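# take a look and give me a structure for this.
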Amino acid sequence: MNYMLRVNTLYPTLSKSEKKIADYIKKIDNEIIYKTMQEVSKEVDVGEATIMRFCRKIGFDGFQDLKLEIAKQNTFSKEQEYEDFTVHIANNMCNTINETKLAINQELINQAIEMILSAKNLYLFGSGASGTVALELQQKFIRYGKLCHFTTDSHFQLMHAALATSKDVVIAFTLSGGTVDVFEAVSLAKKNNAQVIVVTNYMLSPVASLADCLLLTCGKESPLDGGSFAAKLSQLYISDVLVTGYALKYKDSKKMKQKCAEAVITKSI
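Predicted structure coming up:
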């Protein structure tokens, strides 16, 4: 049964608080798949336990199960709607960049750049698709003479966090802000007094709550779109902003970039 039909059919049996959730879902419709439970709780002004009860009452195991079902139905709808998928992909990427640009707080960007400039060690954390963005950022910083540490292994990320000190800076990438591996690594680094920059979609997320500097992205990703390029594009955009800002402030960045380029060129056949 369509999720909206379930909501409408069961609406009379819902409590007053549950009806507020139902009305909220009716209002934003498919956009609910991009919301966290914390955001819904705050926007509707109900407890997370009430949201869970609502989801179970309309036939789902929980909030994530509801979002997954909506995403499935939404995917089928899009397949019917977009004949020219190349145009849809291009529009999605352009919208992601523009929305992330509008979300940028220049003061926070400047704060992040100053933190990076003064860091003794720069540690990058990220898992899955966000990990590939962290790897890309590592390569960019190295070209400008800023050594930083990244590994795709979550255990080694924890080791990096264990070695972090108040002189070091962590940059954590997580679209959802709730990735367990990233949260654990950032929490440990925070306990060791490292400064933390978090790049995420959700300011109310667990990882965001640990940030000394929070940079928001706008790469929407449904439960079925994990690792989507459009979502990563928002993270890559912020990464490029940070690297460019660093290069403009670091007086030896051009010299370092030239040294790195020469080292690579000499390896070409």
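# in terms of secondary structure, what does the helix or strand containing residue 7 contact?
When elements are defined using DSSP states H and E, residue 7 is found to belong to helix 3-10. Here helix 3-10 touches helix 16-28, helix 63-81, going by 3 or more Cβ pairs under 8 Å, 6 or more residues apart in numbering; DSSP states H and E. No exception for glycine: its C-beta is placed from N, CA and C like everyone else's.
# what's the average pLDDT for the first one?
Translated: helix 16-28. Looking at helix 16-28 alone, the average pLDDT works out to 90.
# off-centre distance for that helix?
26 Å (Cα atoms, centre = their mean, to the nearest Å).
# when you give positions from now on, start the count at 40
Sure, I'll start counting at 40 from here, so that last one is helix 55-67.
# how about it: buried residues?
56, 57, 59, 60, 61, 63, 64 (16 or more other Cβ atoms under 10 Å).
# any idea which element residue 254 lies in?
Element membership of residue 254, judged by DSSP H and E, is strand 252-255.
# what ranges do the strands span in the stretch 90-239 of the chain?
Secondary structure of the stretch 90-239 of the chain (DSSP state E, counting those that start in this stretch): strands at 161-165, 187-188, 208-212, 234-239.
# which of those sits most buried?
Each of the strands of the stretch 90-239 of the chain was assessed for mean neighbour count using mean count of other Cβ atoms under 10 Å. The highest is strand 208-212, with a mean of 29.
# please save the CA atoms from that strand in CSV.
The C-alpha trace of strand 208-212 is given here as CSV (Å, rounded to 0.1, in the frame of the first residue of the first chain):
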residue,chain,number,x,y,z
VAL,A,208,42.9,19.5,13.5
VAL,A,209,40.4,16.9,12.3
ILE,A,210,38.2,17.3,9.3
ALA,A,211,35.3,14.8,9.3
PHE,A,212,33.1,14.1,6.3
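# adjacent strands (with direction) for that strand?
With DSSP bridges as the test, strand 208-212 is paired with strand 161-165 (parallel), strand 234-239 (parallel).
# need the helices and strands packed on helix 42-49 in TSV with distance to residue 226, can you?
Shown next, in TSV, are those (distance: least, Cβ to Cβ, whole Å):
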stretch	distance to residue 226
helix 55-67	30
helix 102-120	22
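# go through those helices and name the closest to residue 86.
With distances scored as Cβ to Cβ, the stretch of these nearest to residue 86 is helix 55-67 (8.0 Å).
# count of residues packed around the nearest residue to residue 239 once chain neighbours are set aside?
Here the nearest residue to residue 239 in space, its sequence neighbours aside, is residue 216; by Cβ to Cβ, 6 or more residues apart in numbering that works out to 4.1 Å. Under the neighbour criterion other Cβ atoms under 10 Å, residue 216 is assigned a count of 25.
# quick one, what contacts residue 216?
For residue 216, the set of contacting residues under the criterion of Cβ atoms under 8 Å, 6 or more residues apart in numbering consists of 75, 237, 239, 240, 241, 243, 244, 245, 246, 247.
# against residue 98, how distant is it?
Here the criterion is Cβ to Cβ, to the nearest Å. By it, residue 216 lies 28 Å from residue 98.
# how about residue 77?
Residue 77 sits 23 Å away from residue 98, going by Cβ to Cβ.
# more neighbours: the two, which one.
The neighbour count for residue 77 versus residue 98, taken as other Cβ under 10 Å, is higher for residue 77 (19 against 13).
# quick check: angle from the helix or strand containing the more buried one to helix 55-67?
Element membership for residue 77, per DSSP H and E: helix 76-83. With axes from the mean of the first three to the mean of the last three Cα atoms, to 10 degrees defining the directions, helix 76-83 sits at 100 degrees from helix 55-67.
# please point out which parts of helix 76-83 sit buried.
For helix 76-83, burial by neighbour count (16+ other Cβ under 10 Å) applies to 76, 77, 79, 80, 83.
# name the residue closest to the centre of the protein, please.
Residue closest to the mean C-alpha point of the chain, counted by Cα atoms, centre = their mean, is residue 214 at 1.7 Å.
# and the pLDDT at it?
At residue 214, the model reports a pLDDT of 89.
# repeat for residue 240
Taking residue 240 on its own, its pLDDT is 87.
# which residue ranges form the helices in the stretch 190-308 of the chain?
Secondary structure of the stretch 190-308 of the chain, counting by DSSP state H, counting those that start in this stretch: helices at 193-202, 219-230, 268-288, 292-304.
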